[in-house]
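Asks: Sequence first, predicted model second:
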Amino acid sequence: MYAKRTRWASVLAVLLGASPLAALAEAPALHANLAYEHLVVARAGEKSISEPGLVADLAFGIPLGSQAHLGNVGLRVGKGEEGDRIAPHLFLRVLGGDERWKTFFDLGLLGRIQPSWSAGMRMGIGVQRELNEFLGLYAVAGAAAGFGEAFHIGFDGGIGLQFRFGSSDVLVDYVH
């Protein structure tokens, strides 16, 4: 029971730790993503588990100098055949492209709490279609690896929506 409380306290600390940054944001964004994730869990001396599952990902993005660079804090939750999946994460999303179509790259940290504890890197790539000034539809694919109680390798792909708040324009900001 103590370990479960510690896990939830860790998730809450990450989310609350980023909340003061929201006041600095000119036009923050909310990312809601539904993805298919294939997770490989390897523990020393045990047979590896390789199971697919569905995850929902919710992240709050804060512009870092421009709306083409977003610092994000979020939580990934889901269900797989091996049990629940819970993973808070921090990542940088860099967008580039014209006014309607953008490509992006994600780079960040993913800390898995369930099915077992691990922490590591996640990278992703995607394409986003701007529907209007406040809404974008995107597709993303990524991979993560983490070390801890077990070694985790995850591959994911999904679709999502980006909701932008405030008086943000869809900027033309090319990444070179």
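Replies: Nice, I can see it.
Asks: Using the centroid of this protein, identify the residue furthest from it.
Replies: residue 45 (30.7 Å; Cα atoms, centre = their mean).
Asks: Am I right that it falls within a strand?
Replies: No. With DSSP: H, G, I helix; E, B strand; the rest coil as the criterion, residue 45 is located in coil rather than a strand.
Asks: can you offset everything so residue one is 11?
Replies: New numbering, starting at 11: the last item is residue 55.
Asks: do you know how far it is from residue 125?
Replies: To residue 125, residue 55 is 17 Å away according to Cβ to Cβ, to the nearest Å. In this view, the C-beta of every residue, glycine as well, is placed from N, C-alpha and C.
Asks: what does residue 45 give?
Replies: Residue 45 is 17 Å from residue 125, by Cβ to Cβ.
Asks: Now tell me what touches whatever helix or strand residue 117 lives in from outside.
Replies: Here residue 117, judged by DSSP states H and E, is contained in strand 111-122. The contact list for strand 111-122, computed with Cβ atoms under 8 Å, 6 or more residues apart in numbering, reads 20, 24, 82, 86, 95-107, 127-140, 146, 148, 150, 152, 154, 156, 158, 162, 164.
Asks: Can you tell me which of those are buried?
Replies: 24, 82, 86, 95-101, 103, 105, 107, 127-130, 132, 134, 136, 138, 140, 146, 148, 150, 152, 154, 156, 162, 164 (16 or more other Cβ atoms under 10 Å).
Asks: re the thing from before, can you give me phi and psi for the residue farthest from the centre of the chain?
Replies: For residue 55, the backbone dihedrals are phi 80, psi 0 (criterion: degrees, to the nearest 10).
Asks: all helices of the chain, in order?
Replies: Remark: helices assigned in the chain by DSSP state H are 12-27.
Asks: what is the residue nearest to residue 147 when sequence neighbours are not counted paired to in the beta sheet?
Replies: Counting by Cβ to Cβ, 6 or more residues apart in numbering, residue 147 lies nearest to residue 139, which is 5.1 Å off, once chain neighbours are set aside. On the basis of DSSP bridges, residue 139 is bridged to residue 111, residue 147.
Asks: what about residue 139, distance to residue 65?
Replies: 22 Å.
Asks: cool, residue 48 as well?
Replies: Residue 48 is 11 Å from residue 65, by Cβ to Cβ.
Asks: could you pull out the strands for this protein?
Replies: Using DSSP state E, the strands found in the chain span residues 39-52, 59-73, 79-90, 93-107, 111-122, 128-140, 145-158, 161-174.
Asks: With mean pLDDT added, can I get these in CSV?
Replies: Formatted as CSV, the strands of the chain follow (pLDDT from 0 to 100):
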stretch, mean pLDDT
strand 39-52, 91
strand 59-73, 90
strand 79-90, 91
strand 93-107, 91
strand 111-122, 94
strand 128-140, 95
strand 145-158, 95
strand 161-174, 93
